[in-house]
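1. Fold the following for me, if possible:
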Amino acid sequence: FVLLFVRDAALVRWVALVVTVIDFLLTVPLFAGFDTTTYEMQFRETYAWIPAFGINYAVGVDGISVLFVFLTTLLGWICVLASWKSIEHKVKEFMIALLVMQVTMLGVFCALDLFLFYIFWETMLIPMYLIIGVWGGNNRIYAAFKFFLYTLAGSVLFLVGIIVLYFQAGETFDILALMEGNYSPTVQIWVFLAFFVAFAVKVPMFPFHTWLPDAHVEAPTAGSIILAGVLLKMGAYGFLRFSLPMLPYASQTLSMFVAVVSVIAIVYGGYLALAQDDLKRLVAYSSISHMGFVTLGLFVLNIHGLEGGILQMFNHGITTGALFLFVGLIYERTHSRLIADYGGLTKVAPVFATFLCIFVLSSMALPGTNSFIGELLVLVGAFGYDKPIAVLAVVGAMLSAAYLLGMYRKVALGAVENPLVQEAWDMDAREISSFVVLAVFVIWVGLSPKPFIDIMHVSAEHLLEQVLS
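-> Below you'll find the model as predicted:
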C-alpha cells in the first residue's frame, strides 16, 4: 500500500527491502516463543468474518507450519535483493506483486479456516501470473498461461472437495473441526482424489509437472526463487494439513499409489535433468525429482518418513532457491544459460564458484549438508514401508549426484575458453549477503538438525496418530 505512493524506483526497492526484512524479523518471536511440547496451534487469532456461513478469519501455527512461515519470510528479502538490478522497468509494480505474493503464501501456511485458506490459495495465482507474464523471458505469456491454467484446474477440484467436506462435517470451515470429522470411506476416497490433483499440480508431481520447467525458464530470478522455495511447498503442505489428517482411510488405502508416483518423479526428474543443456531447466527438473522425496516421505506413513519429508520441504526451499539465485546472477553477467557456454568459473569468479559448490553438494545430499538429513530420514522411512520403492528412490539420489557434479564440472572447472565467462565478474556485497545466509542453513541443518526436528516432532507424531488411528 505504501509503495503505491512512491515514484522513485530506488526508493521503491529500499521500501520493499525494509518491509521484507521486518517480516523476517517478526518471525523470530515465533521460534523464540514456540512451545515444542504441544501439537496445539499457537499464536492464534480468530475473528468472525461471515457468521452466516460459519466463516472466520482464523490463523495460527503449529510445529509444521511455523517452519514454512519462517522460510517464506527468509526468501522474501532475498528475492528483493535478487531483483535489485535485474528488474529495470515497472519496478514499483514488480515489488508490489512480490509483496502481495508474500502475503498470500503466509496466509496459506497460517490459515485455520478452510474458506480463508482457499482465498489465499487462489489469490496467489494473480501475482505469480503477473511476475512471469510481465517480467519474464521471451516466451513468458505461454509460460504464464500454462502455469495459471494448470493450477486453476487443480483448484476447481479442490473447491469441490471443500464443499463436500463442508456439508459432511455439519457446515463448518474450521480446519481443526474438519480434522475431527468422521467421513465414510467412499467420501474419503473421492475427496482425496480431488485434493490429490490440486496438490499434485502445485508440488508438481508426475504427470502434472510439465508447467514447471516452462514457468522457471521464463520467470525472473525472484519468480524462480519463490516458485521453488515456497510455492511448491504449498502442494505438499496441502497433503499435510488436509489429505492426511482429514482423510485417514483414503490416505492409508492410496498411500502406495502416491509412493509409486513419487518414485517415478524422483527417477524421471533425475533422468530429465541429466539430459538438459540449459542451467535453469536442469535445476527445474532436479526440483521435480527432489520434491518426489518429499511426497514419498509424507506417504510412507511412519515418523521417519514424515519428519524427513517435512524437513526436506524446508531444505529444498533453501538449496534450490540458492541454485536459482545463482543461475539468475550468472545470467545477468553473461546473458547465457547454456552449460556449454561456461567453463573455468573458478578462475574468473572464485567466490561465485565456491558458493555454487556448497549448494551443489547440498542438492546432491552430501553428508554434512541439510539435504542429507532429510533424504536419509525419507529413505529410512521408505525402507520400513516398502523395500523396492526405497531402492528406486536410492537410484534417483544417485542420478542427482551425476547431473549436479557434471554441471559443476562443466561450469566451474577447466579452462576459460568462452569470452562470455572472461567478462563475468565476482559477487558484490549485496549478492554475497544472500548466499551467506542460505549457506548458514545448509551447514546448520546438516550438522545440527535437532532444533528443526524438535520443532516439528510433536506435531508430526500427532498427525501420524490422526492418520493411523
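2. helix, strand or coil for Glu88?
-> Per DSSP: H, G, I helix; E, B strand; the rest coil, the local secondary structure of Glu88 is coil.
3. Now do it against Asp341, distance only.
-> Distance, Glu88 to Asp341, by C-beta to C-beta, to the nearest Å: 23 Å. Yep, even glycine has a C-beta here, placed from its N, CA and C like the rest.
4. Leu274 too?
-> Distance of Leu274 to Asp341, given as C-beta to C-beta: 19 Å.
5. quick check: longest helix of this protein.
-> helix 303-334 (DSSP state H).
6. re the thing from before, ok, Glu88 and Asp341, which is more surrounded?
-> Asp341 (18 against 10; other C-beta atoms under 10 Å).
7. What segments of the stretch 51-200 of the chain are strands?
-> 55-61 (DSSP state E, counting those that start in this stretch).
8. Contact partners for Leu26?
-> Neighbouring residues of Leu26 by C-beta atoms under 8 Å, 6 or more residues apart in numbering: Thr73.
9. Buried residues in the helix or strand harbouring it, which are they?
-> Under the criterion of DSSP states H and E, Leu26 resides in helix 9-32. Buried residues in helix 9-32, counted by 16 or more other C-beta atoms under 10 Å: 9, 12-13, 15-17, 19-20, 23-24, 27, 30.
10. Reformat the residues you listed as CSV; add pLDDT and distance to Asp113.
-> Below are the buried residues of helix 9-32 laid out as CSV (pLDDT from 0 to 100; distance: C-beta to C-beta, whole Å):
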residue, pLDDT, distance to Asp113
Ala9, 86, 38
Val12, 91, 33
Arg13, 92, 35
Val15, 93, 31
Ala16, 92, 29
Leu17, 93, 32
Val19, 93, 26
Thr20, 93, 26
Asp23, 93, 22
Phe24, 93, 25
Thr27, 91, 21
Leu30, 86, 20
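11. returning to what we had before: skip ahead from the longest helix of the chain and say which helix or strand is next.
-> Heading C-terminal from helix 303-334 (DSSP H and E), you reach helix 345-348.
12. ok, residues contacting the helix or strand following that next one?
-> In the C-terminal direction, the helix or strand that comes right after helix 345-348 (DSSP H and E) is helix 350-363. The contact list for helix 350-363 (C-beta under 8 Å, 6+ apart) reads 286, 290, 315, 318-320, 322-323, 326, 329-330, 345-346, 369-371, 400, 404-405, 407-408, 411-412, 424, 426-427, 432, 435, 438-439, 442, 446.
13. how deep is the residue nearest to Pro248 when sequence neighbours are not counted tucked in, by neighbour count?
-> In this structure, Pro248 finds its nearest non-sequential neighbour in Val467, 4.7 Å apart by C-beta to C-beta, 6 or more residues apart in numbering. Residues lying near Val467 (other C-beta under 10 Å) number 20.
14. Tell me where the model's unsure across this protein.
-> Residue ranges of the chain with pLDDT under 70: 423.
15. farthest residue from the center of it?
-> Here the centre of the chain is the reference, and by C-alpha atoms, centre = their mean the most remote residue is Glu417, at 36.1 Å.
16. and that one, what does it touch?
-> Counted by C-beta under 8 Å, 6+ apart, Glu417 has contacts 343-344.
17. and if we set it to 7 Å?
-> By C-beta atoms under 7 Å, 6 or more residues apart in numbering, Glu417 lies in contact with Gly343.
18. Now it: phi and psi?
-> With angles defined as degrees, to the nearest 10, Glu417 sits at phi -110, psi -30.
19. how far away is the closest residue to Asp23 other than its chain neighbours from Phe24?
-> Distances taken as C-beta to C-beta, 6+ apart put Thr73 closest to Asp23, at 4.6 Å, once the chain neighbours are dropped. In this view, Thr73 and Phe24 are 4 Å apart by C-beta to C-beta.
20. what's the answer for Leu71, then?
-> 10 Å.
21. got it, and Ile50?
-> In terms of C-beta to C-beta, Ile50 sits 32 Å off from Phe24.
22. Over to Leu405?
-> 33 Å.
23. To what extent is the residue nearest to Asp23 buried, counted in neighbours?
-> For Thr73, using other C-beta under 10 Å, the count is 23.
24. who touches it in this structure?
-> Thr73 sits in contact with 23-24, 27, where contact means C-beta under 7 Å, 6+ apart.
25. Quick check: of the residues you listed, which lies closest to Val164?
-> Val164 lies nearest to Thr27 out of these, by C-beta to C-beta, at 34.4 Å.
26. Do I have it right that that closest one meets Phe68?
-> No. Taking contacts as C-beta atoms under 7 Å, Thr27 lies outside contact range of Phe68: 10.5 Å.
27. Can you give the distance from the top strand by length along the chain to the centre of its chain?
-> Across the chain, the longest stretch assigned as strand under DSSP state E is strand 42-50. With C-alpha atoms, centre = their mean, to the nearest Å as the basis, strand 42-50 stands 26 Å off its chain's centre.
28. which strands and helices sit next to that strand?
-> If you count contacts as 3 or more C-beta pairs under 7 Å, 6 or more residues apart in numbering; DSSP states H and E, strand 42-50 packs onto strand 55-61.
29. can you state the direction angle for the strand it packs on and helix 9-32?
-> Interaxial angle, strand 55-61 versus helix 9-32 (axes from the mean of the first three to the mean of the last three C-alpha atoms, to 10 degrees): 70 degrees.
30. hang on, the earlier thing: against Gly343, how distant is the residue farthest from the centre of the chain?
-> 6 Å.
31. now the buried residues of helix 9-32 in a markdown table, with distance to Glu307?
-> A markdown table is the format used below for the buried residues of helix 9-32 (distance: C-beta to C-beta, whole Å):
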| residue | distance to Glu307 |
| --- | --- |
| Ala9 | 44 |
| Val12 | 41 |
| Arg13 | 39 |
| Val15 | 39 |
| Ala16 | 35 |
| Leu17 | 34 |
| Val19 | 33 |
| Thr20 | 29 |
| Asp23 | 27 |
| Phe24 | 25 |
| Thr27 | 21 |
| Leu30 | 19 |
